[in-house]
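Enquirer: below is the sequence, then the predicted model.
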Amino acid sequence: MLENFALGFELIWHWQNFVAVVIGATVGITFGALPGLTGGMAVAMLLPLTFDMEFVTAIMLLIGLYKGGVFGGSITAILLNTPGTAASACTSFDGYALTQKGQGVKALKMAKYSSCLADLASDLVLIAVAAPLASVALKFGPPEIAVLILFALTVIASVSGKSMIKGLISGTLGLLFATVGLDPILTTPRFCFNNVNLDSGLNLLPVLIGLFALPTVFRQLGKLSRSEADRFTIVAPKSPEDLRLSWREFRGTIRTIVRGTIIGTIVGIIPGVGVGIGSFVSYARARQATKNPALFGKGSLEGIAASESGNSAVVGATFIPLLSLGIPGDAVTAIITGAFLIHGLIPGPLLFQENAQIIYAIFIGLLICDLTYFIIGTLFMKHAALLSKIPRGILFPILFIFCMVGAFARFNSNFDVFVCILFGILGYNMLKFGFATAPFLIAFILSPIGEKDLRRALLMSDGSLSIFITRPISLFFVILTLLSIIGIVRGQLKKTGSLTRKIQEQVIPKPSVQVDEKEGTM
């Protein structure tokens, strides 16, 4: 192994590789921060530029784009409640709440530290146990993935806001809109209304932008008047402590970061699951394990740590099945697989035997990229803080234009722009009437994956539900789901009980106690 590392250093220790990493991380963070643009889109757009590069240089550029894109989504999610990617949606729940308290810089620092630490840990896992973990991932079939998605959906209870009923209604709407398009098994149209644009379903990016970005834009533009046009849109820090992330605050999130890293790594080695699920599952588990669940969604540093560690840990882990077995871990690594094939290399077990030095060069490059985007992310945060000095009348019209461009750019579709505006109106009214948008988005993202694997599992078992409890891994997730539901019900009962007691104390007056002064008795 040491000999392979030495050969890997020889391959990567060239100035063009370091330049590629810096360019990749910078462009990736920029794409991730802009609404509708993702690191995956950057990888796809810049892949043709790598055809004439040396292979290691090309891979360094693409890895920098991927990692930077996942982290970049947290910047606008925190500062503007505009998640650049689906993976940063959970980050906006608590990040924007902290920004409204003048602690946006602190939230950004929390996102940066948790992202980089989780990414680094995930890469170390990749280096140490790539082959064993990849073999475990192969044991995840449709039953296991279906129950994993069911467990992830329990996060809806954690992000429903003040009303569980409204949260469930929001989640149900997300499930319904996710069914639009062709049936995943029978390929028959569902709710398409003879519109060919709906045959492929509602694209995630316009829905994401519409639900999260546009309601903020509409609300801020609605507040504009001549007297308000020059006011800053981001609350200024009230004290120096709002700018600093203290060691005590960071120490309180270490357990959450470790948990999110483990969850993200496990999710990452399961092919086809993606960074969004790692974020949602990590956030749900942190919400259940925390001592301060009431803070989640209102400005919890633990919430940011859970989301960012959960999605960042997925990135390194997605290379485990790719490099060990030749199976792309997600859509982005599928694109990166194209770079391997273009340069005449086939990822998989034979690559370890025939070109081990390339594998170890990639390992080293992943670690270098972690350090690079940590530094570049710090510089980005300093410039991102300048958003607080841009008046609403300038910032939000520009943001609206970016939203429209982002919705259009993925598929060059005017229909996606229409969908984005429609969901922007829906999201604005949901917030106006107290319906949380997070349950909608979570259900919309997870349910297509869950439905497809649920139906595949039932086809495997001829319709018998026993397949979910006779397989050890799926049984494990069934138990976790039941425990999660029990915890949610107990929490609601406690909340209802405390509310009932408060009402009784206010309605039923306490009996007055009179003391007989002469005898000293009550």
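Expert: Okay, I see it. Residues are numbered from 1 along each chain as shown.
Enquirer: now the residue most central in space within the chain: how far from G174?
Expert: When the chain is reduced to its mean C-alpha position, the nearest residue by Cα atoms, centre = their mean turns out to be A87, at 2.1 Å. In this view, A87 and G174 are 17 Å apart by Cβ to Cβ, to the nearest Å. In short, each C-beta sits where N, CA and C put it, glycine included.
Enquirer: for T378, what are its contacts?
Expert: Taking Cβ atoms under 8 Å, 6 or more residues apart in numbering as the criterion, T378 is in contact with K112.
Enquirer: can you do 10 Å?
Expert: For T378, the contact set (Cβ atoms under 10 Å, 6 or more residues apart in numbering) comprises L108, K109, K112.
Enquirer: where along this protein do the strands fall?
Expert: Chain-ordered strands for the chain, with DSSP state E as the definition, fall at 181-182, 189-190.
Enquirer: measure N203 to A6 for me?
Expert: Using Cβ to Cβ, which is the criterion applied here, N203 is 46 Å from A6.
Enquirer: for P83, what are its contacts?
Expert: With the criterion set at Cβ under 10 Å, 6+ apart, P83 makes contact with 32-33, 35, 73-74, 76-77, 89-93, 95-96, 208-209, 211-213, 441.
Enquirer: returning to what we had before: pick the most buried one from the strands of the chain.
Expert: Burial of the strands of the chain is given as mean neighbour count (mean count of other Cβ atoms under 10 Å); strand 181-182 ranks first at a mean of 17.
Enquirer: what residues does that strand touch?
Expert: 187-192, 198-203, 448.
Enquirer: wait, which of those residues is closest to L126?
Expert: Relative to L126, the closest of the contacts of strand 181-182 is P448; by Cβ to Cβ it sits at 28.0 Å.
Enquirer: not counting sequence-adjacent ones, nearest residue to that closest one?
Expert: The shortest distance from P448 to any non-neighbouring residue, by Cβ to Cβ, 6 or more residues apart in numbering, is to A178 (5.3 Å).
Enquirer: and G174, by the same measure?
Expert: Excluding its sequence neighbours, the residue lying closest to G174 (Cβ to Cβ, 6+ apart) is A443, at 3.1 Å.
Enquirer: quick one: stretch 58-66 to chain centroid distance?
Expert: Taking the mean of its C-alpha atoms, stretch 58-66 sits 20 Å from the chain's own mean (Cα atoms, centre = their mean, to the nearest Å).
Enquirer: stretch 469-483 now?
Expert: Stretch 469-483 has its C-alpha centroid displaced from the chain centroid by 24 Å (Cα atoms, centre = their mean).
Enquirer: ok, and what's touching it?
Expert: Residues external to stretch 469-483 that are found in contact with it (Cβ under 10 Å, 6+ apart): 136, 139-154, 281, 285, 288, 457, 461, 464, 467-468.
Enquirer: give me the residues contacting stretch 416-423.
Expert: When contacts are taken as Cβ under 10 Å, 6+ apart, the neighbours of stretch 416-423 outside the stretch itself are 35-36, 177, 197-198, 202-203, 205-215, 403-410, 413, 430, 437, 440-441, 444.
Enquirer: can you rerun that using 8 Å?
Expert: Contacts of stretch 416-423 (Cβ under 8 Å, 6+ apart): 202-203, 205-207, 209-211, 214, 403-404, 407-408, 410.
Enquirer: now do the contacts for T172.
Expert: A443.
Enquirer: one more: R456?
Expert: Here R456 is in contact with P142, A146, I185 (Cβ under 8 Å, 6+ apart).
Enquirer: how much space between the second one and R471?
Expert: With distances taken as Cβ to Cβ, A146 is found 11 Å from R471.
Enquirer: please identify which of those two sits among more neighbours.
Expert: Neighbour tally, A146 and R471, criterion other Cβ atoms under 10 Å: the higher count belongs to A146, 24 against 18.
Enquirer: the more buried one against L446, yeah?
Expert: No. Using Cβ atoms under 8 Å, A146 is not in contact with L446; the gap is 10.7 Å.
Enquirer: which one of the contacts of T378 is nearest to D52?
Expert: When those are compared for distance to D52, the smallest value, 34.0 Å, is given by K112; criterion: Cβ to Cβ.
Enquirer: neighbours of that closest one, how many?
Expert: Residues near K112, counting by other Cβ under 10 Å, number 21.
Enquirer: can you give me every residue that contacts the closest residue to it other than its chain neighbours?
Expert: If you skip the residues right next to it in sequence, K112 has G377 as its closest partner in space, 5.1 Å away by Cβ to Cβ, 6+ apart. The neighbourhood of G377, defined by Cβ under 8 Å, 6+ apart, consists of I29, G68, F71, K112, S115, C116.
Enquirer: swap in 7 Å and give it another go.
Expert: I29, F71, K112 (Cβ atoms under 7 Å, 6 or more residues apart in numbering).
Enquirer: neighbours around G463, how many?
Expert: By other Cβ under 10 Å, the burial measure for G463, its neighbour count, is 8.
Enquirer: got it, and P397?
Expert: By other Cβ under 10 Å, 14 other residues sit near P397.
Enquirer: can you tell me the closest non-neighbouring residue to it?
Expert: Once its chain neighbours are removed from consideration, P397 has its nearest residue in L221; the separation is 7.5 Å (Cβ to Cβ, 6+ apart).
Enquirer: what is the burial count for the one you found?
Expert: By the other Cβ under 10 Å criterion, the neighbourhood of L221 contains 14 residues.
Enquirer: surely it is in contact with F396?
Expert: Yes. Checked against Cβ atoms under 7 Å, the pair L221 and F396 is within contact range at 5.4 Å.
Enquirer: re the thing from before, now the buried members of the contacts of strand 181-182.
Expert: P189, C192, L198, G201, L202, N203, P448 (16 or more other Cβ atoms under 10 Å).
Enquirer: state the number of residues packed around G268.
Expert: Neighbour count for G268, taken as other Cβ under 10 Å: 33.
Enquirer: pass me the low-pLDDT residue ranges in the stretch 301-450 of the chain, would you?
Expert: Within the stretch 301-450 of the chain, the set of residues satisfying pLDDT under 70 comprises 325-331, 334, 348-350, 352-353, 382-392, 395, 410.
Enquirer: hey, where'd the helices end up in it?
Expert: For the stretch 301-450 of the chain, the helices defined by DSSP state H, counting those that start in this stretch occupy 301-317, 319-325, 331-342, 349-354, 356-384, 392-409, 414-432, 438-460.
Enquirer: next one: the stretch 1-150 of the chain
Expert: Counting by DSSP H, counting those that start in this stretch, the segments of the stretch 1-150 of the chain that form helices are 2-12, 15-33, 39-46, 55-80, 89-100, 104-137, 142-153.
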